[in-house]
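1. Sequence unavailable; structure follows:
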């Protein structure tokens, strides 16, 4: 045997596997939540239109039609602003993610009072209410995707 040979000193130890995180990065969670809310709310809008809902809300004597652009804006802006603020605060204290889930979900449920008290037809009220609930679910889910990170 040559002097450069290395002898096996015992059983080999398997290499440690890398730590795998299940959550998404903050920006991926935010984009996923916003896209998900938009897609679901556009489906609700299409179904309401096919069902014959007027998709017009009268406010102060003025008729406001519910449009695709309006649904996209109303789905993305509140989610990105509110969830984005929660994600920023969570960089300081991670507990803000859980708090924001309760607050965001609760505010979305409370906002259903708007469509319920509008003078719109039943199909429009149902569609708008479902859109508000969808946004609440999107907020809670988005923050959960990040919280699991």
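-> The structure has been received and is ready for your questions. Given the structure is predicted, the values throughout are model-derived calculations rather than measurements.
2. CA only for contacts and neighbour counts going forward, please
-> Fine.
3. Contact partners for the closest residue to residue 122 other than its chain neighbours?
-> Once flanking residues are discounted, residue 122 sits nearest to residue 53: 7.5 Å by C-alpha to C-alpha, 6 or more residues apart in numbering. By C-alpha atoms under 8 Å, 6 or more residues apart in numbering, the contact list for residue 53 reads 121-124.
4. just residue 112 next, same as before
-> Residue 112 makes contact with 128-129, 132-133 under the criterion C-alpha under 8 Å, 6+ apart.
5. any chance of the contacts of residue 53 in CSV, with distance to residue 38, pLDDT and neighbour count too?
-> As requested, the contacts of residue 53 are exported to CSV (distance: C-alpha to C-alpha, whole Å; pLDDT from 0 to 100; neighbours: other C-alpha atoms under 10 Å):
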residue, distance to residue 38, pLDDT, neighbour count
121, 23, 90, 13
122, 22, 91, 14
123, 19, 93, 17
124, 17, 93, 25
